[in-house]
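Trainee: dropping a prediction and its sequence here:
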Amino acid sequence: MDLREYLTKNEGVLLLDGGMGTQLDERGAEMGGPACLSDPDAVLAVHQSYIEQGAMLLITNTLTMNRMHIESTELDIDVRAVNMAGAKLARQAVTGGQTVCARRYERHRPDAGALRYDDRAAGL
């Protein structure tokens, strides 16, 4: 069953993962999206920890990793690379490293991307 079907049927509670930044900080890793490139093992470990605790949906560690935020904070990071890495890590945690889409698993744990809304984008 995919996420849309699950939500349409409203089969109970859907447990999401929790805060990524706080968990990365507790592990001594860089907080935020850049950790997808600088410390991917820590990001993967956080995702896996949330799965072990019963999370049914993982959100990528990419909340502020959009072009406008990266440029405005002068981060020296490639937008595409960090978002691809974040998606890959969430998917890896969901599928156990397999490349098969998570929707094909009986115990479905989808991964979801996260991008923060930026009101500057409204004028584009």
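Mentor: Okay, I see it.
Trainee: now the longest helix along the chain: how far from the chain's centre is it?
Mentor: Ranked by residue count under DSSP state H, the longest helix found in the chain is helix 79-95. Distance, stretch centre to chain centre, for helix 79-95: 7 Å (Cα atoms, centre = their mean, to the nearest Å).
Trainee: quick check: buried residues in that helix?
Mentor: Buried residues in helix 79-95, counting neighbours by 16 or more other Cβ atoms under 10 Å, are found at 79, 82-83, 85-95. The C-beta positions use only the backbone N, C-alpha and C, and glycine is treated the same way.
Trainee: which other helices and strands does that helix contact?
Mentor: helix 35-38, helix 40-52, strand 58-59, helix 67-72, strand 111-112 (3 or more Cβ pairs under 8 Å, 6 or more residues apart in numbering; DSSP states H and E).
Trainee: ok, 7 Å please
Mentor: Where contact means 3 or more Cβ pairs under 7 Å, 6 or more residues apart in numbering; DSSP states H and E, helix 79-95 is packed against helix 35-38, helix 40-52, strand 58-59, strand 111-112.
Trainee: between these, which one is nearest to residue 26?
Mentor: The closest of the helices and strands packed on helix 79-95 to residue 26 is helix 40-52. By Cβ to Cβ, the value is 9.1 Å.
Trainee: other SSEs contacting the closest one?
Mentor: helix 20-26, helix 35-38, helix 79-95.
Trainee: just the C-alphas of the shortest one, formatted as PDB.
Mentor: Listed in PDB are the C-alpha atoms of helix 35-38, where the atom choice follows Å, rounded to 0.1, in the frame of the first residue of the first chain:
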ATOM      1  CA  ALA A  35      25.300  17.100   7.200                       C
ATOM      2  CA  CYS A  36      23.900  15.000   4.300                       C
ATOM      3  CA  LEU A  37      27.300  15.600   2.600                       C
ATOM      4  CA  SER A  38      29.600  16.200   5.600                       C
END
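Trainee: list the contacts of that helix.
Mentor: Applying Cβ atoms under 7 Å, 6 or more residues apart in numbering, the contact partners of helix 35-38 are 24, 29-30, 42-43, 61, 77, 81-82, 85-86, 89.
Trainee: distance to residue 49 added to those, as a markdown table?
Mentor: Output for the contacts of helix 35-38, formatted as a markdown table (distance: Cβ to Cβ, whole Å):
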| residue | distance to residue 49 |
| --- | --- |
| 24 | 11 |
| 29 | 13 |
| 30 | 17 |
| 42 | 10 |
| 43 | 11 |
| 61 | 13 |
| 77 | 25 |
| 81 | 24 |
| 82 | 21 |
| 85 | 19 |
| 86 | 16 |
| 89 | 13 |
